[in-house]
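[1] sequence unknown, structure follows:
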């Protein structure tokens, strides 16, 4: 397992990200980028503030213009301590004044701006009221690959998160499943993720028997029984970057059908991972996995996309789905997670995080993908 704590990102790292974002916006025909609290702000500046704050906090980026962070006065001291603070100017506003009057002079009064997806409607409407000739588009639509290509330091963190998730899986296989609630196994997964260095646990899916046929089942008080197939999907953040892996285990010996369905999913997942290389479209990864499952007669039971990007959040662009023509480039990281879900009976999913290399793809999860037998 990857060990040690990676070196922190520097002010120069954040400055380069902000410059790249501003230039990407200009290349896309935008006047700039407006970034509210959330993962984009953390990635661009190192500054973390609760996304549910009602006071306007907004990073303004535009080509040829110094990055500026508009913050409430009471938050300014903390913002000044952010790792990227030296690469931007702070403009604060006090309660009782209009924050949009502070923000307006930073914007092209007739410009079209990319806005981070989690910006408050109240704040966007406030800007529109102050600058009625401006217009806005979501960053996912305008700049979907803003965070999509990871550098070496980011890949190091993703690899460490993946290794921690792998260690979690190796440990959870050793515990008793039969006679215990799904909730019990989910709690143990969360504890193990933290044990192996996760600061945040985002999900611990434990879908036993018929619950495994629901891809977004989390965990319940259902008691796991001998003879159950159990889908385990878990992940979170380590060193600020995500893990996400799925393995499907069986309590006792599986039936021939259960083994066959698992083999089909594993083959689909392997084929899709092997297909990853620069220059192919995201939808091609989905097509490869889906063809294996469809050819085996289970196409109608593969009911979700094949994968999603991962980085400072566990779900982000790019998405491996039909219609997504974005080409793969080195440094992209995403899940490959086909599945088969038989309603009322059982489900199977196998998932790894894959990064695109110069000549192919590399998995960031290394645990065995064969069906594990647990007690």
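    Yes, it's here. As the structure is a computational prediction, the values presented were derived from the model and not from experiment.
[2] From here on, just use CA atoms for contacts and neighbour counts.
    Will do.
[3] how near is residue 233 to residue 207?
    9 Å (CA to CA, to the nearest Å).
[4] which of the two has more neighbours?
    Higher neighbour count among residue 233 and residue 207: residue 207, with 31 against 26, using other CA atoms under 10 Å.
[5] following the host helix or strand of the more buried one, which helix or strand shows up next?
    Following DSSP states H and E, one finds residue 207 within strand 200-208. Later in the chain than strand 200-208, the nearest helix or strand by DSSP H and E is strand 229-238.
[6] Would you mind pulling up the elements that that next one packs against?
    Here strand 229-238 touches helix 152-172, helix 182-195, strand 200-208, strand 245-251, strand 346-349, going by 3 or more CA pairs under 8 Å, 6 or more residues apart in numbering; DSSP states H and E.
[7] Next, the angle strand 245-251 makes with it.
    150 degrees (axes from the mean of the first three to the mean of the last three CA atoms, to 10 degrees).
[8] can you list the residues that contact strand 229-238?
    157-158, 160-161, 165, 189, 193, 197-209, 212, 242-251, 254, 258, 312-314, 346-349 (CA atoms under 8 Å, 6 or more residues apart in numbering).
[9] if we go to 7 Å?
    The contact list for strand 229-238 (CA atoms under 7 Å, 6 or more residues apart in numbering) reads 161, 165, 197-209, 212, 242-251, 314, 346-349.
[10] Kindly report the same for stretch 208-219.
    Identification of contacts with stretch 208-219 by CA under 7 Å, 6+ apart yields 182-183, 186, 204-207, 224, 228-231, 341-347.
[11] could you redo the last one with a cut-off of 6 Å?
    Residues from elsewhere that reach stretch 208-219 (CA atoms under 6 Å, 6 or more residues apart in numbering): 182-183, 205-206, 228-231, 341-347.
[12] got it, and stretch 44-51?
    With CA under 6 Å, 6+ apart, stretch 44-51 has contacts from 14, 17, 18, 37, 38, 42, 82, 83, 84.
[13] can you redo those as JSON lines with distance to residue 329?
    Shown next, in JSON lines, are those (distance: CA to CA, whole Å):
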{"residue": "14", "distance to residue 329": "22"}
{"residue": "17", "distance to residue 329": "18"}
{"residue": "18", "distance to residue 329": "21"}
{"residue": "37", "distance to residue 329": "28"}
{"residue": "38", "distance to residue 329": "25"}
{"residue": "42", "distance to residue 329": "24"}
{"residue": "82", "distance to residue 329": "31"}
{"residue": "83", "distance to residue 329": "28"}
{"residue": "84", "distance to residue 329": "27"}
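[14] Kindly indicate which of the residues you listed lies nearest residue 268.
    Nearest to residue 268 among those is residue 38, at 34.6 Å by CA to CA.
[15] how long is stretch 208-216 end to end?
    End to end - CA to CA - stretch 208-216 spans 12 Å.
[16] average pLDDT across it?
    Averaged across stretch 208-216, pLDDT comes to 96.
[17] Show me what counts as buried in it.
    Across stretch 208-216, burial judged by 16 or more other CA atoms under 10 Å covers 208, 209, 210, 211, 212, 213, 214, 215.
[18] chain center to that stretch: distance?
    Chain-centre distance of stretch 208-216: 22 Å, with CA atoms, centre = their mean, to the nearest Å.
[19] same check, this time on stretch 64-72
    In terms of CA atoms, centre = their mean, the centre of stretch 64-72 is set 27 Å apart from its chain centre.
[20] Now do that stretch: everything it contacts.
    57, 58, 59, 60, 61, 88, 89, 90, 91, 92, 93, 94.
[21] Pull out the buried positions in the helix or strand that residue 260 is a member of.
    Here residue 260, judged by DSSP H and E, is contained in helix 256-275. By 16+ other CA under 10 Å, the buried positions in helix 256-275 come out as 258-259, 261-273, 275.
[22] Taking the contacts of stretch 208-219 together, which two end up most distant?
    Farthest apart among those - using CA to CA - are 183 and 342, which lie 22.2 Å from each other.
[23] still on that earlier bit, which of the contacts of stretch 208-219 tops the neighbour count?
    Of all these, residue 229 has the most neighbours under the rule other CA under 10 Å, reaching 32 neighbours.
[24] pLDDT value on the nearest residue to that residue once chain neighbours are set aside, please?
    Distances taken as CA to CA, 6 or more residues apart in numbering place residue 250 nearest to residue 229, at 4.5 Å, with adjacent residues excluded. Note on residue 250: pLDDT of 98.
[25] Could you count how many residues lie near residue 135?
    Neighbour count for residue 135, taken as other CA under 10 Å: 18.
[26] quick revisit: would you pull up how far the strand holding residue 207 lies from the middle of the chain?
    With CA atoms, centre = their mean, you get 15 Å for strand 200-208.
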